[in-house]
Structure formats: C-alpha cells, structure tokens
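> below are the sequence and a predicted model; questions follow.
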There are 2 protein chains.
Amino acid sequence: MTYRAPVQDIRFILHELADLDGVLALPGFEEVTTDLVDAVLEENARFVEQAIAPLNRNGDTTGAKWSDGSVTTSPGFKQAFIEFGQGGWQGLQHEQEFGGQGLPKLVGAPASENINSANLAFSLCPLLTDGVIEALAAVGSHEQQSRFIPAMLEGRWTGTMNLTEPQAGSDLALIATRAVKQDDGSYRLSGQKIFITYGEHDMAENIVHLVLARTPDAPKGVKGISLFIVPKFLVNEDGTLGDRNDVWCASLEHKLGIHGSPTAVLLYGSGKGDVGEGAVGYLVGEENRGLEYMFIMMNAARYAVGIQGVALSERALQQASAYAQERVQGQALEGSAGPVAIANHPDVQRMLFTMKALTEGARSLAYVAAAACDKSRRHPDQAERANNKALYEYLVPVVKGFSTELSTEVASLGVQVHGGMGFIEETGAAQYYRDARILPIYEGTTAIQANDFVGRKVLRDGGAVVQALVHEMRATVEQLEKAASTSKADAEGLALIARRLAAGIQAYEQASAFVLGNAADNIRAIFLGSVPYLMLAGVVHAGWQMARAALVCAEYANNGNATDFHQQKMATSVFYAAQIMPRAEALAATVLEGRVASEYAGMIQAT
Amino acid sequence: MTYRAPVQDIRFILHELADLDGVLALPGFEEVTTDLVDAVLEENARFVEQAIAPLNRNGDTTGAKWSDGSVTTSPGFKQAFIEFGQGGWQGLQHEQEFGGQGLPKLVGAPASENINSANLAFSLCPLLTDGVIEALAAVGSHEQQSRFIPAMLEGRWTGTMNLTEPQAGSDLALIATRAVKQDDGSYRLSGQKIFITYGEHDMAENIVHLVLARTPDAPKGVKGISLFIVPKFLVNEDGTLGDRNDVWCASLEHKLGIHGSPTAVLLYGSGKGDVGEGAVGYLVGEENRGLEYMFIMMNAARYAVGIQGVALSERALQQASAYAQERVQGQALEGSAGPVAIANHPDVQRMLFTMKALTEGARSLAYVAAAACDKSRRHPDQAERANNKALYEYLVPVVKGFSTELSTEVASLGVQVHGGMGFIEETGAAQYYRDARILPIYEGTTAIQANDFVGRKVLRDGGAVVQALVHEMRATVEQLEKAASTSKADAEGLALIARRLAAGIQAYEQASAFVLGNAADNIRAIFLGSVPYLMLAGVVHAGWQMARAALVCAEYANNGNATDFHQQKMATSVFYAAQIMPRAEALAATVLEGRVASEYAGMIQAT
C-alpha cells in the first residue's frame, strides 16, 4: 500500500508540544523560519513517498546480494541514494561549516522518521553515515574532517560503525582487532568485524569505516580501545580515490528482516588489495579513548534507532488502518443490513487506536527530546543548556528502548488486524513484524539502554531529572482536571486522562524511589527491574505528551476551532490513557517486587 | 539446538495440579494405569525428539512446494508421518471403537504439546486430522465413520477443515461454496476455499476434506451452511481408493512462518479428474446444521492450537535458555575475574524466567482444562459432568487466546535473549518468532475467542463459572498465606505469590462485574475490552495454577523432599507472581475504562 508522511501530526507536535518557535529562536537558527521548516517537511514527504517508499517491498523480496566480495543492493536503491544525496538530505541537521544545512534536530527528526517509514532498510545507510559525520565533526582532526565529511554530506560516500566481533557483542571489552602504528603515523589494522550495516555495497563511491581496535600495548578491557578511520579506498590529498584498502566483505548475514540492508562480515588485513597486508587506518583523537568517541556516534545512533521505532510503527499503522477500512466482514455489533468494514468492530478499533496511541505517544516524546537536544547545544542561558542536556541524555535511552519495544508490539498488532491475510507475505504486514524485531537489539539492546538509564541517568544525579519531571507532569494533571471541569465535549475523556496520568506518575515515583533507595544494598534487585523501569518511564512520559496534546485539543474545541484532526487526537489520547497508561502500575509492581524476586533469579537453569 | 520433551514438568502438572489419578479412575479408563501413562509419555518423548524435531529447521528452509497441482512436503516429513501413523500416535485419544488408543485428553494433551514443540509445521497435519476424526465420530453416520475414520487413525489418510473463502474469513455467514444434491444422495460441490492447512500433500494416500457449503435453497447466513465430506480420492465399498475427485490445489500461500505446512487454495468443481464436473461430497448429519457440526471440530482444534502456543513457547524457551548458559559476555554485576555466561545477568534471568513462567503457567492451565474435559465426558456423577463441562467450555477460549498470544511474546523474548544472533535466521530463534505469529489468528482470532468467552461463557450463565472460580482461587490465597507463615525457606516468596494472586483475583472480579453489569446497556464498551478481559482471565487462572504449584513445592520443602526441580518451580512461580500477575490490574483498568473509551472508539479513521 502507499505510504503517506504524517505531516499533520508532525506539525502539531512540533508546534504544540515540542516548542518549535523556541527552538527556531535559538542562536544559529536565525535563518530557519517556520515557512522554511514547512517547505522542508513538504519536500521531504514528497521525496520519500515517491522515491523511497516504492522500493520497500523490493528491498524485502530481493535483498542485498553478495558475490565474490562485492555487494549488489536491491533494485532501485542505488539510484534513490543518488537522489537522496543530491537533495541534500544527508546534510539536513549537520553543521553548515562542512556543507550541511544546519537545521535543528527537531526538524531532522521528522525527516528521518519519514524516510525510515518509507523504507527502513534503505534508511540505515544514511543513519549510520550520520553517526560517522557526527563523530568526526566532534573529535576528528581538522584534516580528517575536511577530507571525509563533505563527500559524506553530499551522499557520494557513506559511513559505518565497526564495533561488534564474534566474541564481542554487548561486551566491547572483549574487542580483539589489532592496530599497529606505522612509521608514517598511520596504522595497520587486522581482525574480523561482524554485523556491519552497509559494510559493503554499491550505492556510493567510497565507504568510511569507523573501527574500534587495540594497539599492541593497550590496557585490557574498554580502556584500551582506540578509534580508527579505515576508508574502503584511500583518499588522495586532492580528494580523489586512491588504492583499494585491505578491508573486505567476507559474507552477508541471512536475516529475519531488513533484507534490503546488507549486514556484512568484514575482514581487516587479509592481504588483498593495493596496500599490502593490513588495512590502513588513521587514529581518531587519542589512543585508548575510542569507546568515549564511539559513544558520540552511538548516542546519535541510539536516538535515531528510537526514531526508527516510531517510523516502523507509523508504517504498520497505515497499512493496518487502510486494510481495516477496506475489508468487509461481519455485521455491526448492533446489527446491520449487511457486512461492514472491520474498522467498525470494537476490537479492531481497540487494536488500531492502541497502535495509533503508541505511535503518536512515542513520536511526541522523541520530538520533545530533539528540542531538548537543540536547546542543550544553543540556548544562550547556561542553566537552560545544562537542564536540557540532562533531560536529553535522560530521554535518549527511553526513546530508544520504549519506541523500539513498542514497534514490535505495533507491528504484531498490525498483522493481527489483517487476520489470516497478515500471515501472507505478499500482504506486507509481515515485513514490518520481521523488520521491527531488530530495533530493540541493535545500537544497544533494551537491557543496555536500561542499564544506561538506571546507572547514568537516574542514579548518578540522585534522581534530579526524575524529580523535575514528576513536578512538571503533576502540573499537567492539574491542568487536565481544570480542563475537564470546563470542557463542553470532552469532560469525561479529560477526566479519564487526568486520573490515569496521575496514577502513572505515582507508579513512576514509587519505582524511582525503589531504584534510588536500593542502589547501595541491592543492585541485583534494581537491575532485575531495569527494563520494566525503563518501559515504565516511556509509558508515563509518552502518555504525558499525549495528555498535553489533549489539553491543546480541548482548547481548540472550547474555542470552536477543533478540526477532525483535533478530535482524532483527543480520541487517541483517551485511548492512550485507557489502554496504555495502566501498564505503568503493572510495571511499577514488577520493579517493587524485585527485592524478593532477585533472591530466586539466580536459580534459572538450562531447560 | 536439540529439543528435549519437558517430561518432568509434564509429570508434575499431571499428578500435582491436574488430578491424573482422578481422571484415570473415571469409567472407561480402567486399563489406563499410571505406569502406562508414564510409558506413553516416555515413548512419545523419544519419538518426537528423534524422528520429528530434527526436521524442524528443514521444514522452515525448504518448505512445501507446489508443482502442477501436486505438493511435495519438506524432506523427511513423509517418512516421519509414516512412523507417526505406525506408532499409533494419531489414535492416542480417540475411541477404541474405531481403532484408537482411548487414552484421556489429559494424556493426549502433553503428547500433542511435545510433537508441536518438536515441529509445529509438521504437527498441523495430525492436528487437523484429529479434528476431522472427532467431528465424524460425533456426527457422522455409522457408514461414514467406518469408511473414513480407521484409515485416518492409522495415519494412512489425513483430514482437513475447509471453512475460509476469500470473502469469508472470520465471518462464515459469507460462505458461497455450492453443494447440489444428486439422484444417488451424494452432492456435487463447486467453489473456492483458501487457507486450507495440508489441503494437498504427499504424506498420505488420501485426504478427507470436511467442507462447509450451501445447498441451493439454503437460508442466508450461518443457518444455511451444511457440512460435507469430500475425499480427494473416492473410497470404494471395500475401502480401496477409487476415482480422483474434482478437488484441486491451485496454489500454496507464501507465508511468514510454518513453511513446512502447505497452506492450500482448493478449487472444487473445476471439471478435472475422474468424476466429471463438481466434487463428489457426502452430507454429514442434516442439511443447514454444518456450522454446529464444524464447531465440534473447531472446539477440539481451538484447544489444540492453545496447546501449540504452549509448545512453541517451550521450544523458544529451550533455545534461549541453552544459548544463555553458553554465551559468555560481560562481567558479573558484582564484578568477576572475566566475562561470564549471560544467564548470570539479571535482565537475561528476567527474560528467561518470564518465558518459563508464561510457558509453565499456560501449560498448567491447559492440562487442568483437559482433565475437566475428560471428567465432563466420563464422570459418573451428573453434576460433576455438568460442572466440568461448563469449566472446560469456559477454559477453551482462554487456553486458545492466552497461550497463543503469549507464545508470540515468549518467542520475541527468545530472539531478544540471543541479541544480534537472534536476528540471524540460522540461529533458529527467528523461526519461532515467525511461526508463533499465526497462532493467535487461525482457528479463530483472539477477538473471536474473546467474543465467544464474553458472550457464551461469561454472560450466558450470568457469571456462574466466574463466581465458582473466584471462590476456589480465594481458597488458594488462604492456603498460600498459611504456607508462608510455616515455610522455612520460601516465606517471602509465598507471601509475594499470595498478595499478587489476591490482587489478580480482585482485578478479575472487578472486570467480570463490569462485563456482567454493562451487557444490557453498553455492549460496545464490553466488546472494546473483550480481548483484555480474556487475557486477564488467562493471566489470573494460569497464575493460580502456578500458585498451586508453589504450594506443592513448599510442602516438599517443608518435608525435606524438595528436589532441584521443585526449587526451580518455586522460583518460576515467584516470577510469575512478580512479573506476570501485575498485568491483571492493568488489564482490568483497561476493561473498566471501556465505558468512556467506547465513546471515542468510532472515531478511528484511515491514517
């Protein structure tokens, strides 16, 4: 089916929830007007709907193919990537200094969401390239920046992240790839990397691999990891391509989903190519600080994968929603002259509204986080910068963990809405179910996000961000109660949202108190509940955004300006409160029971 | 990885929770001893582990193939099905009158679970055949029974259910296949059926299709549907095969999972074959009562699909559990000399215990339901028969809906435990994630189960079964509280189970009261919450069984007889209470908020 970018919802969230005006008023965005943002979003919608979305099924059925070290991507991908580069989309939110457009992350996020909705597998290439650009812009030398960044911004070259090795997945301390310094200051790398997204392909002239490796005398563990640039083709002084470097694609993985995205096994230093034995690499920053640098890239990538979760959910929702309006089956519950579209049946409505509520809640939270990121970088007031930085860093693992976990739920509901047709591959719903499953895994599993969340974002500041959020969310409850008392049409809906949000906040507060109170004495109990706690934060914060949206819609309604869109949004917010928010209490109970449960956790045995 | 039948858990549940002794004491089971049951379970385990499980991957990678109307099943399937028939497995729980073994459903259920764990796609063939045997045994004529049942029991022929047509999925009122009576009393059928599991294959000599169709003068809707036997080859008086009938496989579906199971489009009456135009069919029972008869088969099949949910979960659990013990990654939380198996990390323990708790909870509930079925048929006391019948019928949609929905959750967690390796098809975890997705759809979607549950099982008797269950579950809470006060090792665990079960019962009671109280005035509110209500019942009833298991284990522990298995079971019960049972409250809240939410439900629009 055809994908349509959800431009109306995006605009609503940017303006009403994520303070677009405030972001555009930040220093450095003087030239970015609301009209420009609108134009970008419209052009983005046009481009991804017409050029990218139609390639999605193809990418699934005819995935990337390996042959003798080369990788041919799915039909149409190469041409689409050329258009992507020419359109300036890779540079959207990167600094103008290197040729980017310099737009806020708050504008980059919806553009990124739309292209991922259109074609998740295709979009992984720019997603990883974004991360490489961001890392080099932050910690590369000026020479490295000017040599590698502009061609990536133009879409002529792409970038990759090389972390994982067969024995080193979530545990990067186990990385074994070696890098030996040469007389000319460069390094020679040898080793094997796996799960390298777009590690080899035919869509660009060159590939810039960022590779974690160890120098011979490096300390053990994560403190002995350095970061290297290893281009597929060496780059001459004048920017032209030189020798073929000693990095080779040994094979591609056969995956559950995202078939259009080639996942490569890369061999460094097998002695083929033009440079002799060992892949030529260039140290980024200082030796042994590679993990720290890679985290720059990883944080950007984690947020981006959270956006992928929203994107995939939106696509699955659109497919299911269209089918439900079209498929005629069963009488109306109250009786009808003949069979009706299944969108009239209560359980189908429940599924569609659950999908919609999760998708729009996660989207709202992600965009609010993007605004915080923009403010953390550019706000003139230092305290504002610091507060927004703390908020953004707090939200990154929530956006990543919550949006991706829910995308598997939304995609699964999408299949269910289709009934038996959902299980047939040609229908398309199954692809989203398969594609979604990687999202809670790559760029750090949900458990890794939860550990980051609990350890660095909640415990480290003693719950300061948590307290601030509780305070703000409570204010929203008060506003809802007030709005319920004055609303003409939605008094009961607003009251429902208020009471569920209040209960959700209480659950969040209780679980947070448990985490903060038991960190010293019972760390196993806390980490047993870290994923439920992360999901609890996501449920409550996304629900808070949906509640804020309901307040806005209630005001439009009271003023007689509510459109169909506003009524839909109010309904979606009610459904979030009724269907999703109650999970907060269940998740909190799970966290709180962690003390007793953790005494039994070690008993798990091989079945 | 190798599959091992969970014989220890099966025995525990049969003896300690499902009253095997009581079932074996029923009239008609005089010859079925505990020793015989043990021998059957052991032989079943041996057979499925050695002959069926090894074909599972093959079935996925090399699915059934269609060519010119014929279907070749996956390598090894045909030989395995011959062994299955020769071993007498098809007849396990069917009447001895036609050549079955006449064992209780309580013994048939674990045997069926194990073969489905070993190979879900393979097992669909006997599963459907079971349903055909059961329907013919109940409503076929003596001549039909003796002509068709014995060959199916021997595994020489197989059976299918033909309900779905392109325009008639969940809505059987729309069935259009025609059946015209002939002078000899037989009928000629014409029409198209889709989604016919094992509708064509090479594993048996003949296929007995049970087909829903309309006679020319039949009333509209479901009251004009009749049931017909349409054999692939006509059967001569002496039981030998005669003419090739006019039913043909036009194609197979390309599915998300269960690739080993051929899903056929069947054409009736295209004029090929030996019989001229129209497939020769024989009316089962009376005209226009087809749906009623098909429900005999469907109820058996719904229970069996619930067992498939347990089975798939067990297989996914075994795979993830083995990987977690083997995969070394990351330090222990308290620090360790080197990396440890990931089964030591709290979040992996949480995932594995969640998978285990869901699997064992669902298994316990399903076996308890099987015992009720046996008692409903054979108990000498009429009131006992009636009570058990009501309980079994109440539990069938719960077993089907809950076990299958959770199987998608368990399979998804199974992928997550594997990290990136889980997304690689060769690992095997992804297959369970794909296979599981059909279970909440076929034999009636979860919504269909929920409608049946609310309408026929809760409202119709005014909540009588609900009340009886609340009473029994409350008694278990009291026992738990008492056990907590006397337990040496598990006082806190038992107290946790007691308090969570009590909260779960309360949630179940509240939601039930809402359903019973609003049926007359607000039917949309109830059906908006029917799936959450069904899931709530599943969560609470399965958790009740886990709580009963904990009581048994506590007694073994107090007597000094607790084995490793009992300690594991206690831990699993604690995890069920801590991780799963809190969902009951969230699900109840969702049901209760249905009154307000239902006012917004109709606003869903095409996105």
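Received it, and whenever you're ready, just let me know what you need.
> isn't there a strand covering A:Ala204?
No. Inclusion of A:Ala204 in a strand is not indicated when DSSP: H, G, I helix; E, B strand; the rest coil is applied; the result is coil.
> tell me the pLDDT at the nearest residue to it once chain neighbours are set aside?
Sequence neighbours aside, A:Thr158 is the residue nearest to A:Ala204 in space, at 4.5 Å (criterion: CB to CB, 6 or more residues apart in numbering or on different chains). Backbone N, C-alpha and C define where each C-beta goes, glycine included. In this prediction, A:Thr158 carries a pLDDT score of 98.
> state the phi and psi torsions of A:Thr158.
phi -130, psi 170 (degrees, to the nearest 10).
> what sits against it?
When contacts are counted by CB atoms under 8 Å, 6 or more residues apart in numbering or on different chains, A:Thr158 touches A:Cys125, A:Pro126, A:Leu128, A:Thr129, A:Met152, A:Tyr198, A:His201, A:Met203, A:Ala204, A:Asn206, A:Ile207, A:Val208.
> what's the longest strand that chain A contains packed up against?
Under DSSP state E, the strand in chain A containing the largest number of residues is strand A:187-197. Using 3 or more CB pairs under 8 Å, 6 or more residues apart in numbering or on different chains; DSSP states H and E, the elements in contact with strand A:187-197 are helix A:120-139, strand A:157-162, strand A:178-181, strand A:206-213, strand A:226-231, strand A:263-268, strand A:279-283.
> pLDDT weak spots in chain A?
Across chain A, the stretches falling below the confidence threshold (pLDDT under 70) are A:1, A:606-607.
> the same query, at a cut-off of 90, please.
Judged by pLDDT under 90, chain A has its weakly predicted residues at A:1-2, A:95, A:98, A:169-170, A:294-300, A:333-337, A:488-489, A:602-607.
> tell me how it divides into domains.
Following the assignment in automatic domain parsing, chain A carries domains at A:7-289, A:293-327+A:341-598.
> my read: A:Leu128 touches A:Thr197, true?
Yes. Counting by CB atoms under 8 Å, A:Leu128 touches A:Thr197, with 5.6 Å between them.
> give me the common contacts of those two.
A:Thr160, A:Met161.
> give me the more crowded residue out of these two.
More crowded of A:Leu128 and A:Thr197, by other CB atoms under 10 Å in any protein chain shown: A:Leu128, with 26 against 22.
> how much space between the more buried one and A:His201?
In this structure, A:Leu128 and A:His201 are separated by 11 Å, where distance is defined by CB to CB, to the nearest Å.
> which stretches of the stretch 1-150 of chain A form strands?
Listed in chain order, the strands of the stretch 1-150 of chain A (DSSP state E, counting those that start in this stretch) span A:65-67, A:70-72.
> if we can go back for a sec, specify the beta-bridge partners of the residue nearest to A:Ala204.
A:Ile207 (DSSP bridges).
> for it, give its distance to A:Gly273.
When distances are taken as CB to CB, A:Thr158 and A:Gly273 turn out to be 19 Å apart.
> which ones are touching the closest residue to A:His209 other than its chain neighbours?
Using CB to CB, 6+ apart and skipping the chain neighbours, the partner closest in space to A:His209 is A:Val230 (4.4 Å). Applying CB under 8 Å, 6+ apart to A:Val230 gives the contacts A:162, A:189, A:208-211, A:245, A:247, A:268, A:279-282.
> dump the residues you listed into CSV; add neighbour count as well.
Shown next, in CSV, are the contacts of A:Val230 (neighbours: other CB atoms under 10 Å in any protein chain shown):
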residue, neighbour count
A:Asn162, 28
A:Leu189, 26
A:Val208, 26
A:His209, 26
A:Leu210, 26
A:Val211, 29
A:Asn245, 25
A:Val247, 31
A:Tyr268, 26
A:Ala279, 29
A:Val280, 24
A:Gly281, 28
A:Tyr282, 20
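> among those, find me the one that's closest to chain B.
For those, the residue nearest chain B by CB to the nearest CB is A:Asn162; the value is 13.7 Å.
> hmm, A:Leu266 and that closest one touching each other?
Yes. With contacts counted by CB under 8 Å, A:Asn162 reaches A:Leu266, the gap being 6.7 Å.
> tell me, what's touching these two both at once?
Listed contacts common to A:Asn162 and A:Leu266 are A:Lys193, A:Ile196, A:Gly199, A:His209; contacts here mean CB under 8 Å, 6+ apart.
> roughly how far does the third one sit from chain B?
By that I understand A:Gly199. When distance is defined by CB to the nearest CB, to the nearest Å, A:Gly199 is 14 Å away from chain B.
> for that residue, give its distance to A:Ala511.
Here the distance between A:Gly199 and A:Ala511 works out to 40 Å (CB to CB).
> for the last one, same thing?
A:His209 sits at a distance of 41 Å from A:Ala511 (criterion: CB to CB).
> number of residues surrounding A:Ser186?
18.
> what's near enough to touch it?
The contact partners of A:Ser186, taken as CB under 8 Å, 6+ apart, are A:Val280, A:Gly281, A:Tyr282.
> could you do A:Val265 as well?
By CB under 8 Å, 6+ apart, the contact set of A:Val265 is A:Gln192, A:Lys193, A:Ile194, A:Ile196, A:Gly199, A:Cys249, A:Ala250, A:Ser251, A:Leu252, A:Glu253.
> wait, what's in contact with the nearest residue to the fourth one once chain neighbours are set aside?
Yep, that's A:Ile196 we're talking about. With CB to CB, 6+ apart as the criterion, A:Ile196 has its nearest non-adjacent residue at 4.5 Å, and that residue is A:Ala264. Taking CB under 8 Å, 6+ apart as the definition of contact, the neighbours of A:Ala264 are A:Val71, A:Ile196, A:Thr197, A:Tyr198, A:Gly199, A:Glu200, A:Cys249, A:Ala250, A:Ser251, A:Leu252, A:Glu253.
> on that earlier part again, list the neighbouring strands of the longest strand of chain A plus their orientation.
Strands adjacent to strand A:187-197 in the sheet, as given by DSSP bridges, are strand A:178-181 (antiparallel), strand A:263-268 (antiparallel), strand A:279-283 (antiparallel).
> that strand versus strand A:226-231: what angle between them?
80 degrees (axes from the mean of the first three to the mean of the last three CA atoms, to 10 degrees).
> now strand A:187-197 against strand A:157-162, angle please.
With the same axes, to 10 degrees as the criterion, the two stretches strand A:187-197 and strand A:157-162 enclose an angle of 90 degrees.
> buried sites along strand A:187-197?
Across strand A:187-197, burial judged by 16 or more other CB atoms under 10 Å in any protein chain shown covers A:Tyr187, A:Arg188, A:Leu189, A:Ser190, A:Gly191, A:Gln192, A:Lys193, A:Ile194, A:Phe195, A:Ile196, A:Thr197.
> same deal with stretch A:229-246?
When neighbours are counted by 16+ other CB under 10 Å, the buried residues of stretch A:229-246 are found to be A:Ile229, A:Val230, A:Pro231, A:Lys232, A:Phe233, A:Leu234, A:Val235, A:Asn245, A:Asp246.
> which pair in those residues has the greatest spatial separation?
Pairwise distances across the buried residues of stretch A:229-246 peak at 15.2 Å for A:Val235 and A:Asp246 (criterion: CB to CB).
> ok so, going back, quick one: which of the buried residues of strand A:187-197 is nearest chain B?
Proximity of these to chain B (CB to the nearest CB) peaks at A:Phe195, which lies at 5.2 Å.
> quick one: residues contacting that closest one.
Listed by CB under 8 Å, 6+ apart, the contact partners of A:Phe195 are A:Thr164, A:Glu253, A:Thr263, A:Tyr442, B:Gly420.
> among those, name the ones in strands.
The strands, defined by DSSP E, take in A:Thr263 from those.
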